[in-house]
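Visitor: here is a sequence with its predicted model. Questions after.
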Amino acid sequence: MRVLGVDFGERRVGLAISDPTGTLASPLPTLQRRRGKKPPLRAMAEVAQEQGAEALVFGLPLSPRGDDTDWTREVRWVGRALSDQLGVPIHFLDERFTSALAERHIRGLGLKKSRREAKGLVDAAAAVIILQTWLDRGSDPDPGTGRDADSGDDLT
């Protein structure tokens, strides 16, 4: 099953797709968005359909204490709206620290400084981390806890 991972931000939307076996996440081109404008649901839906996504995993931007914020609620709304539009299941995963992990990973690749600082590259890497974490955990994102994927499981 192919799954689309999403790192939804105010300026960019990082995207990743799993392989058909649901084992490995790979980056997709990052979508640009204009601050204050409607979420790019149509563009995200087009990518999901082109890639054959059968499920969605959205990074959930919880507060440092693990609580919902206004932005968390916005991301949940966008994820559910896209899920409804596509008719596929949606899962949410705590994305705290994924941007820092993605930046560290990008720096470790040995790219030129100008390429390392490309924000779209970091957003795509964050989407890969979100999706790969979810894939690695299987259908139960936190085995043994009984917590639902929608609860915003921790990445650590």
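Guide: Yep, it's here. In this text, all values refer to a predicted model and were calculated from it rather than measured experimentally. Numbering: from 1, shown residues only.
Visitor: CA-only coordinates of the lengthiest helix in the chain in PDB, if you can.
Guide: Determined from DSSP state H, the single longest helix within the chain is helix 119-137. Provided in PDB are the C-alpha atoms of helix 119-137 (Å, rounded to 0.1, in the frame of the first residue of the first chain):
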ATOM      1  CA  LYS A 119      14.100  25.100   3.000                       C
ATOM      2  CA  GLY A 120      12.100  22.900   0.500                       C
ATOM      3  CA  LEU A 121      14.700  20.200   0.900                       C
ATOM      4  CA  VAL A 122      14.400  20.300   4.700                       C
ATOM      5  CA  ASP A 123      10.600  20.100   4.400                       C
ATOM      6  CA  ALA A 124      10.800  17.100   2.100                       C
ATOM      7  CA  ALA A 125      13.200  15.400   4.400                       C
ATOM      8  CA  ALA A 126      10.900  16.100   7.400                       C
ATOM      9  CA  ALA A 127       8.000  14.500   5.400                       C
ATOM     10  CA  VAL A 128      10.200  11.400   4.800                       C
ATOM     11  CA  ILE A 129      11.000  11.200   8.500                       C
ATOM     12  CA  ILE A 130       7.300  11.400   9.500                       C
ATOM     13  CA  LEU A 131       6.300   8.800   6.900                       C
ATOM     14  CA  GLN A 132       9.200   6.400   7.600                       C
ATOM     15  CA  THR A 133       8.600   6.600  11.300                       C
ATOM     16  CA  TRP A 134       4.900   5.700  10.800                       C
ATOM     17  CA  LEU A 135       5.900   2.900   8.300                       C
ATOM     18  CA  ASP A 136       8.400   1.400  10.700                       C
ATOM     19  CA  ARG A 137       5.800   1.300  13.500                       C
END
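Visitor: list the buried residues in that helix.
Guide: 120-135 (16 or more other C-beta atoms under 10 Å). The way it works is simple: take the backbone N, C-alpha and C, and place the C-beta from them, glycine included.
Visitor: now flag whichever of the residues you listed is closest to Leu86.
Guide: Leu131 (16.0 Å; C-beta to C-beta).
Visitor: I'd say Ser83 and Pro89 touch.
Guide: Yes: counting by C-beta atoms under 8 Å, Ser83 touches Pro89, with 6.7 Å between them.
Visitor: name the residues contacting each of the two.
Guide: Leu56 (C-beta atoms under 8 Å, 6 or more residues apart in numbering).
Visitor: which of the buried residues of helix 119-137 lies closest to Arg76?
Guide: Using C-beta to C-beta, those come closest to Arg76 at Ile130, 14.5 Å.
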